[in-house]
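In: Below is the structure, and that's it, no one-letter string:
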């Protein structure tokens, strides 16, 4: 038996409060999987790593910030990296420099790939997925997940081995 899904307007979604924040895809509010220790640890370490280096790198790191990837689609990356030169927006409408998604055991590959494709269609150049259990790292590019060990921002000389970030995990 199919479950009925009620449609919600963008305006109603933007008024909603939930913890964690939900995503919005074509009128449907979608819950996000978060809350486990490994997920929270990676999220804190990545945001902290970029925040600590923000003066040198000219970036802002934000956790769980709404990103409007299309007129009727809002995603909430685990960590969003913004240029300090980008407009300061309450809901991001300009492509961030990078986003990080940290996998939880409940995440489905189909749903994750749809989310990553949304980021890519918005114009985000550095889209990263972290599997905290192994740990292993993937970059999403041209519709594919590619194993990677060096975080870089395309079009810049910025390169950080993911091992440097991993060393901060306690």
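Out: Received the coordinates, thanks. This one's a predicted model, so the numbers in the text were calculated from it and none came from an experiment.
In: how about the helices of this structure, start to end?
Out: Taking DSSP state H, the helices of the chain run over residues 10-15, 37-52, 54-57, 109-122, 162-166.
In: Same list, those helices, but as CSV with mean neighbour count, mean pLDDT and distance to residue 82 please.
Out: All C-beta atoms are positioned from the backbone trio N, CA, C, and that covers glycine. Output for the helices of the chain, formatted as CSV (neighbours: other Cβ atoms under 10 Å; pLDDT from 0 to 100; distance: least, Cβ to Cβ, whole Å):
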stretch, mean neighbour count, mean pLDDT, distance to residue 82
helix 10-15, 12, 82, 20
helix 37-52, 17, 93, 10
helix 54-57, 12, 86, 10
helix 109-122, 17, 95, 13
helix 162-166, 15, 91, 18
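In: Residue 75: which of the ones you listed is closest?
Out: When the helices of the chain are compared by Cβ to Cβ, helix 109-122 sits nearest residue 75, at 5.6 Å.
In: Just the residues contacting the closest one, thanks.
Out: 23, 25, 30, 67, 69-70, 73, 75, 77, 95, 99, 101, 103, 127, 129, 140-143, 145 (Cβ atoms under 8 Å, 6 or more residues apart in numbering).
In: change it to 7 Å
Out: 69, 70, 73, 75, 95, 99, 101, 127, 140, 143 (Cβ atoms under 7 Å, 6 or more residues apart in numbering).
In: Using TSV, lay out the helices of the chain together with distance to residue 83.
Out: Output for those, formatted as TSV (distance: least, Cβ to Cβ, whole Å):
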stretch	distance to residue 83
helix 10-15	24
helix 37-52	12
helix 54-57	9
helix 109-122	15
helix 162-166	20
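In: re the thing from before, in PyMOL, how would I select just the buried ones from the contacts of helix 109-122?
Out: Buried residues within those, by 16 or more other Cβ atoms under 10 Å, are selected in PyMOL with:
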select buried, resi 69+73+75+95+99+101+127+140
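In: Give me the subset of the contacts of helix 109-122 that lies in strands.
Out: Among those, the members found in strands (DSSP state E) are 69, 70, 73, 75, 99, 101, 127, 140.
In: The last one and residue 170: what is the separation?
Out: Okay, so that is residue 140. With distances taken as Cβ to Cβ, to the nearest Å, residue 140 is found 28 Å from residue 170.
In: Skipping its backbone neighbours, what lies nearest the spatially most central residue of the chain in space?
Out: The chain has residue 77 as the residue nearest its centroid, 2.5 Å off, counting by Cα atoms, centre = their mean. Of all residues not flanking residue 77 in the chain, residue 99 sits nearest, at 3.9 Å (Cβ to Cβ, 6 or more residues apart in numbering).
In: Great, nothing more from me.
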